[in-house]
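Participant: Quick one: sequence plus predicted model below, questions after.
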Amino acid sequence: MRASLLLLLLCLGVPALADGLTPVDGSQDNLVLGSSFTYHGRLVLSGTPVNQASDLRFSLWDASAGGTQIGADITIVAAVITDGLFSVELNFGTGAFAGDARWIEIEARTPAGSGGFTTLTPRQEINAVPYALHALNGGGGGSSGYWEISNSRITNVGSTQVLINRDYIVGSEWFGVHAPTSSYGGMYITTDGDSGKPFYGYKAGAGASMWTYQDGATLEWRVSNGGDHLKVRRTGEVDVGTTISLDNYDDIDQGGSIELRKLNGTLGAKLQGSTNGGAQGGTLALYNDTNATATVVLDGEYGGAAGGALVLRNSQGATSIELGADFNPGERGLIRMFQPDGTMTIQLDPNEGGTADQGAAIKLYDDSGNLTIELDSDYGSGNEGRVITEVIQITGGADFSEQFDMSCGPEAASPGSVVSIDPSSPGDLCLSSSAYDRRVAGIISGAGGVKPGLLMGQRGTEADGKYAVALSGRVYCKVDASFGAVEPGDLLTTSPTTGHAMKVSDSSRASGAIIGKAMTVLESGRGLVLVLVSLQ
């Protein structure tokens, strides 16, 4: 077959659909472009346009003659040719057009299937339109890969990384944007509508995707990872899920704050940078689950004083307990307790009234706020501890005792023993050992399980000692009934038996030697008798 190419035209290429891709919504508008393009030409044989089906073979080269073939041959069998005109679809693959010049070589056989192919000359140069594929698939010169560097504007490295206005890679960077400015530099993702949601998404393999976006309706920036878990408002507030809120400027001018919420949305704890219009220190407040009341408050500058305080409140918000480190006046620590109506009932003061030369005090108040009991560790100018109240009720003992030392027979002294003044050792006592002894002083307290109710003495003086001797009240006493049976109401005095009392049988001798009155019975022998001590 002898064929000649009188006129062969390369028309505008129209990219074809990529294999296996379908429209998103079924319409042709959403089809994804591939690497195919349409080639139009005119085949003339011996001066006459061809009007029969012919076989055409196309190959892609990097030179107008010779050179290297790019990709494989494309053979069109029995192409329809009318009046010499034909139109075919060619696809040399996504890497065929990398930015360098390309030529198409055409071989023809007419009629189809008859004889061998004839190479048509010259090769046809690929011009502008097919290079629109460069924008879709990349491109570039030489063997370096895709997208050449042009005035440092766009850089593509090794067909993997894409760098815009930069020629270096950071770590495993695939995409980077560089703005040569000391001010703002970057890129925007926008929507046309004010309530739109421009977003940037992330996805690793088959894992769930996440994204960041702006909520145009609320003007919030959000991070969504299986739900919106981070929100940043224009006012500077940040919400982490539904349980944490960070605010850099509280609504009532209280500085920054952190709020921790429970799963039901109610406030559980709040850390606040300042209080009282920003004039005082920060607070940490814990809230109950009943009515969102701050029941525990740790205040860094309580009540205007420089020191901190721990405040406990009831469920209605009324202060119940204050523990302050720096109360005015005096800048001293203080513990105060209150009734629900605000009346203070207890005050524990380590430095009474804030006065430097005063020790600690505990003050108890009645329902009306009147001071009724005061325990003062440093009363007046004498450095004396004092209890000030109207009535003292003692429930742990039944007698009034003083502390004494024993100078004679201390090894035999025991609770319930009758003791007398020792004339040979001023201020000391000894066990009584004679009848109707006018030096009788009392009974050693503690026998029968009855303890002293009020115990007196002065440390470091002669008015102190080891033994508590009952001078008044009720106390069990050792009694010898061999000198007469004892009945309740009988007067008791000392006996010849050491440390024992006996019934008064000779009233003429009893004056000044009476210990007290018996309150229980002892018919015979020796034993304990409950005595109402009344020295006479």
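Facilitator: Perfect, thanks for sending it.
Participant: So for Y168, what's the pLDDT?
Facilitator: Reading off the confidence values, Y168 has pLDDT 67.
Participant: make that P410, sorry
Facilitator: For P410, pLDDT reads 54.
Participant: again with the one 3 residues further on
Facilitator: At A413, the pLDDT value in this model is 84.
Participant: before we move on, what about the one 4 residues further on?
Facilitator: At S417 the predicted local confidence, pLDDT, stands at 94.
Participant: ok, now which ones touch the residue nearest to it when sequence neighbours are not counted?
Facilitator: Of all residues not flanking S417 in the chain, G499 sits nearest, at 3.8 Å (CB to CB, 6 or more residues apart in numbering). All C-beta spots, glycine's among them, are computed from the backbone N, C-alpha and C. By CB atoms under 8 Å, 6 or more residues apart in numbering, the residues touching G499 are 412-414, 417-419, 431-433, 478.
Participant: Assign a three-state SS to G499, would you?
Facilitator: What DSSP: H, G, I helix; E, B strand; the rest coil gives for G499 is coil.
Participant: What are the phi and psi values at it?
Facilitator: phi 70, psi 10 (degrees, to the nearest 10).
Participant: what about it, distance to G67?
Facilitator: 137 Å (CB to CB, to the nearest Å).
Participant: same question, Y200
Facilitator: 44 Å.
Participant: Who has more neighbours out of these two?
Facilitator: G67 (13 against 9; other CB atoms under 10 Å).
Participant: quick one, what contacts D464?
Facilitator: With CB under 8 Å, 6+ apart, D464 has these contacts: 403, 405, 457-458.
Participant: What is the burial count for R166?
Facilitator: 18.
Participant: ditto for L120
Facilitator: 18.
Participant: Kindly report the same for R123.
Facilitator: Other residues near R123 come to 19 when the count uses other CB under 10 Å.
Participant: For it, which non-adjacent residue is spatially closest?
Facilitator: R123 sits nearest to W103 (CB to CB, 6+ apart), 4.0 Å away.
Participant: just the strands in the stretch 151-300 of the chain please.
Facilitator: Counting by DSSP state E, counting those that start in this stretch, the stretch 151-300 of the chain has strands at residues 154-157, 161-164, 175-177, 199-202, 210-215, 220-224, 228-232, 238-240, 244-247, 257-261, 267-272, 283-287, 294-299.
Participant: Now distance to G317 and mean pLDDT too, for the ones you listed, in a markdown table please.
Facilitator: Output for these, formatted as a markdown table (distance: least, CB to CB, whole Å; pLDDT from 0 to 100):
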| stretch | distance to G317 | mean pLDDT |
| --- | --- | --- |
| strand 154-157 | 64 | 51 |
| strand 161-164 | 59 | 67 |
| strand 175-177 | 54 | 77 |
| strand 199-202 | 44 | 88 |
| strand 210-215 | 36 | 89 |
| strand 220-224 | 32 | 89 |
| strand 228-232 | 30 | 85 |
| strand 238-240 | 26 | 86 |
| strand 244-247 | 22 | 80 |
| strand 257-261 | 18 | 83 |
| strand 267-272 | 13 | 84 |
| strand 283-287 | 10 | 85 |
| strand 294-299 | 7 | 86 |
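Participant: Next SSE downstream of the helix or strand where L56 lies?
Facilitator: Assigned by DSSP states H and E, L56 belongs to strand 54-61. Going down the chain from strand 54-61, the next helix or strand is strand 69-79, by DSSP H and E.
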